[in-house]
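Participant: got a sequence here, can you build the structure:
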Amino acid sequence: KSLVKGALIIEVRIKQAPNTCSPLNPFVPENPLPRIIQNKFMDEESSDVVFEVSNETVTSSPKSTKTSTLFYAHCLILQDCAPTLGELCKLRGDNTPVPISDVKLDIFRQVLYYAYGGKLSDEDLKTKGKDIIDAADRFGIAALKLEAEAALVTSTPITFDNAMENLLYADAKNCALLKEAVMDFLAENLDESRKKLSFENAPGYLMTDLMTAIVRGKKESTATSDATDLSTARVSTLRRMLHEEGLDVDGSRETMIALLEENSPN
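Facilitator: Numbers count the residues shown, from 1 in each chain. Next comes the predicted model:
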């Protein structure tokens with residue numbers, strides 16, 4: 001604004017807001033299929049298989065009581081999204097639920113919900129990580145297993161108190177990322193690990209993973225790591241490479257490397 005011959009001149013600039021409904025910016029709805037599938041979760045009317053999950057309830061009486069909950073599902077969805085549950089569909093009979101045991105009700109509900117395209121909360125992935133990993137591994141839901149494993153690794157600092165427990169668990173469940181995290185900790189604290197930890201119950205082949213972590217640490221610290229050297233590549237790198245090739249990403253380091261080499265054009 002300024003004075004011109006004693007008159008106050010105010011300059012106003014008006015910008016027209018874009019018309020979000022103009023022909024140049026039309027509204028197009030998203031593909032409804034993911035929402036349609038997710039809405040079929042626990043839909044009794046359209047289901048063709050029923051799982052009966054038992055739950056043991058501890059009471060004040062000497063004997064605990066067992067209850068069960070029914071979960072309604074669809075074989076067509078499960079055969080690709082939860083293959084082991086898909087196989088169990090073959091056991092279904094007329095009005096006869098397929099029994100499921102040794103899994104918590106809330107965990108089964110969550111893994112089944114994921115199979116229908118649902119998203120689990122970060123809090124559940126962190127606080128129930130191992131339970132979710134166990135169920136996802138059991139029912140063949142690899143993507144959920146890896147997601148829960150990643151949440152477990154990022155939320156659980158490895159210490160001398162939990163290193164061996166997590167190492168043996170990771171080895172039993174083929175959780176390569178968790179195993180890598182433990183091995184990195186041991187490699188970074190090699191002398192102290194030797195003094196504080198007992199490896200009597202650890203399988204001998206785990207020493208190969210430890211040697212890999214030591215070599216990789218030295219290469220990374222000196223910036224001499226070779227991106228083409230699969231033997232020392234990070235687990236996330238191996239999984240990304242497998243995913244890009246449309247290959248199975250769930251497995252040990254050795255399995256992933258062998259699969260990449262087997263499908264290498266060279």
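Participant: hey, let's count contacts and neighbours off CA atoms from now on
Facilitator: Fine.
Participant: so how far is Ile133 from the closest residue to Ser155 other than its chain neighbours?
Facilitator: In space, and not counting its chain neighbours, Ser155 is closest to Lys126: 6.4 Å by C-alpha to C-alpha, 6 or more residues apart in numbering. Counting by C-alpha to C-alpha, to the nearest Å, the separation of Lys126 from Ile133 is 11 Å.
Participant: identify the contacts common to these two.
Facilitator: Ala148 (C-alpha atoms under 8 Å, 6 or more residues apart in numbering).
Participant: higher neighbour count, the two?
Facilitator: Counted by other C-alpha atoms under 10 Å, Lys126 and Ile133 do not tie: Ile133 has more neighbours, with 25 against 19.
Participant: A helix includes that one, no?
Facilitator: Yes: if the criterion is DSSP: H, G, I helix; E, B strand; the rest coil, then Ile133 is within a helix.
Participant: how much space between it and Leu125?
Facilitator: In this structure, Ile133 and Leu125 are 9 Å apart, going by C-alpha to C-alpha.
Participant: need the overlap of contacts for these two.
Facilitator: Common neighbours of Ile133 and Leu125, counting by C-alpha under 8 Å, 6+ apart, are Ala148.
Participant: for the stretch 51-200 of the chain, what spans make up the strands?
Facilitator: Using DSSP state E, counting those that start in this stretch, the strands of the stretch 51-200 of the chain run over 65-73, 98-100.
Participant: worst average pLDDT in these?
Facilitator: Lowest mean pLDDT of those: strand 65-73, a mean of 89.
Participant: so how far is the longest helix seen in the chain from its chain's centroid?
Facilitator: Secondary structure of the chain per DSSP state H: the longest helix is helix 206-221. In terms of C-alpha atoms, centre = their mean, to the nearest Å, the centre of helix 206-221 is set 25 Å apart from its chain centre.
Participant: show me what it is packed against.
Facilitator: Secondary-structure packing of helix 206-221 (3 or more C-alpha pairs under 8 Å, 6 or more residues apart in numbering; DSSP states H and E): helix 176-188.
Participant: neighbours of Thr255, just the number please.
Facilitator: By other C-alpha under 10 Å, the residues close to Thr255 number 13.
Participant: got a list of contacts for the helix or strand harbouring it?
Facilitator: Here Thr255, judged by DSSP states H and E, is contained in helix 253-262. Residues outside helix 253-262 that contact it (C-alpha under 8 Å, 6+ apart) are Ala176, Leu230, Ser231, Val235, Leu238, Arg239, Met241, Leu242, Leu247, Val249, Asp250.
Participant: who's in contact with the first one?
Facilitator: Residues in contact with Ala176 (C-alpha under 8 Å, 6+ apart) are Ala170, Val235, Gly251, Ser252, Arg253.
Participant: change it to 6 Å
Facilitator: Residues near Ala176 by C-alpha atoms under 6 Å, 6 or more residues apart in numbering: Ser252.
Participant: repeat for the fourth one
Facilitator: For Val235, the set of contacting residues under the criterion of C-alpha under 6 Å, 6+ apart consists of Leu177.
Participant: measure it to Leu146 for me?
Facilitator: For Val235 relative to Leu146 (C-alpha to C-alpha), the value is 11 Å.
Participant: tell me how many other residues crowd Glu147.
Facilitator: If you count neighbours by other C-alpha under 10 Å, Glu147 ends up with 17.
Participant: quick one on the thing from earlier: could you tell me the average pLDDT over the helix holding Thr255, please?
Facilitator: The average pLDDT within helix 253-262 is 95.
Participant: and that helix, what's buried?
Facilitator: In terms of neighbour count (16 or more other C-alpha atoms under 10 Å), helix 253-262 has its buried residues at Arg253, Met256, Ile257, Leu259, Leu260.
Participant: low-confidence bits of the stretch 101-250 of the chain, can you list those?
Facilitator: Residues of the stretch 101-250 of the chain that meet the criterion pLDDT under 70 lie in 224-227.
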